[in-house]
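Novice: Sequence unavailable; structure follows:
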């Protein structure tokens, strides 16, 4: 059944578009990324070493931080937010991208992926938030797209947004439902290219990774011209892993810095991979699978309680979904030439996860739960001891 634009706007659009500023900004400390500590990563990063090195990709955040002390449901403390990724940017919202999805372990949620798997296209943005805000975020994305897009050629309004989650209930009043439609709209409206904030920002605000403070991380790789010169970028919302498993550059960091938050592996990770390599949906599913290997390099076993859900998309082949033409000619990379793209994916994901840990700060949340940031001095010391620090 078709819903009129006016009725839909009355139901959803007005509250979603009154975008508010974040309650507070993330803690303002100097940005220190993993490479600055001498961690030896493979591959050549892009100029920004971020998913936005893939031309056209835009990223936006709403970070919600307020309150301290004892948990009062509905009042806080609040440590949560929203992350938005727009594959082709605001100027090309209605031009879907080829995409593929992969679930390494399904104890999580990423809406809209049945249609991505079926159609081979990602239509619209990707939004990441906390577990109990998926519903409001999904509805808010529909309202936002309604405001910024157009009906199809038959006048039909239709959207199956991709909204993913990880659980931030150790630090955040997750049952207080603090993410509102306007917070989703703010993340989408402010999405842009350029440098990408990391750590306790956006959907990653209240997340925990390897029982250190986790959250948002990003990285990229640029291939040699003889390998196609393509760019691959990754963005993660890292909330997974036991302390004892954390491995960085082959060094058993977690065993050397003991400590715990949870009694068992109970976290999750969302990974979004972008590339300008011209890949078809089945090839992008293969790329999404390779994200698992980047995650494994950091020590994860993808435990039973972990929602490890990955999506990869390509910004190549614009207009491939245009129904105004009876056929389309598209480009693709032969499978035999994909190994460098696979390697770039693994390397980008690994570094993005480590960036989420390094570019971060200690946080205290609800009921004074405190999660320590990965200590930089100790990390440097261990890299030196294991002869793994890059000079």
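Specialist: Structure's in. What do you need? Because the structure is predicted, anything quoted here is derived from the model rather than measured.
Novice: low pLDDT regions in the stretch 151-300 of the chain?
Specialist: For the stretch 151-300 of the chain, the stretches with pLDDT under 70 are 152-155, 265.
Novice: So what would you say the end-to-end distance of stretch 149-165 is?
Specialist: Chord length of stretch 149-165, first to last residue, is 25 Å (CA to CA, to the nearest Å).
Novice: and that stretch, which residues are buried?
Specialist: For stretch 149-165, a neighbour-count test (16 or more other CB atoms under 10 Å) marks 157, 159, 160, 161, 162, 163, 164, 165 as buried. C-betas here are computed from N, CA, C, even on glycine.
Novice: so the last one is in which element?
Specialist: Under the criterion of DSSP states H and E, residue 165 resides in strand 162-166.
Novice: Need the contact partners of that strand.
Specialist: The contact list for strand 162-166 (CB atoms under 8 Å, 6 or more residues apart in numbering) reads 108-113, 116, 122, 124-131, 133-134, 137-138, 141, 203, 207, 237, 239-240, 267-270, 307, 309, 311.
Novice: among the residues you listed, which are in strands?
Specialist: Under the assignment DSSP state E, those contribute 122, 126-130, 237, 239, 268-270, 307, 309, 311 to strands.
Novice: Residue 211: which of the residues you listed is nearest?
Specialist: residue 239 (10.7 Å; CB to CB).
Novice: Adding distance to residue 333, write the buried residues of stretch 149-165 out as a markdown table.
Specialist: Supplementary listing: those in a markdown table, determined by distance: CB to CB, whole Å:
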| residue | distance to residue 333 |
| --- | --- |
| 157 | 35 |
| 159 | 30 |
| 160 | 28 |
| 161 | 29 |
| 162 | 24 |
| 163 | 30 |
| 164 | 27 |
| 165 | 32 |
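Novice: dump the residue contacts of the spatially closest residue to residue 212 that is not a sequence neighbour.
Specialist: Spatial nearest neighbour of residue 212, excluding adjacent residues (CB to CB, 6 or more residues apart in numbering): residue 374 at 4.5 Å. By CB under 8 Å, 6+ apart, residue 374 lies in contact with 212, 213, 253, 257, 357, 358, 360.
Novice: Now with 10 Å, please.
Specialist: Contacts for residue 374 (CB atoms under 10 Å, 6 or more residues apart in numbering) come out as 34, 37, 209-214, 246, 248, 253-254, 257, 354, 356-360, 362.
Novice: now the strands for this structure?
Specialist: Taking DSSP E as the criterion, the chain contains strands spanning 58-66, 78-86, 97-106, 121-122, 126-130, 162-166, 208-209, 212-213, 215-222, 231-239, 268-275, 307-314, 363-364, 370-371.
Novice: Now list the buried members of the contacts of residue 374.
Specialist: Buried by 16+ other CB under 10 Å: 34, 37, 209-214, 246, 248, 253-254, 257, 354, 356-360, out of the contacts of residue 374.
Novice: Counting only helices, which of those residues make the cut?
Specialist: Judged by DSSP state H, the buried ones among the contacts of residue 374 include 253, 254, 354, 356, 357, 358 as members of helices.
Novice: Just name the closest of the residues you listed to residue 298, please.
Specialist: Proximity of these to residue 298 (CB to CB) peaks at residue 354, which lies at 6.7 Å.
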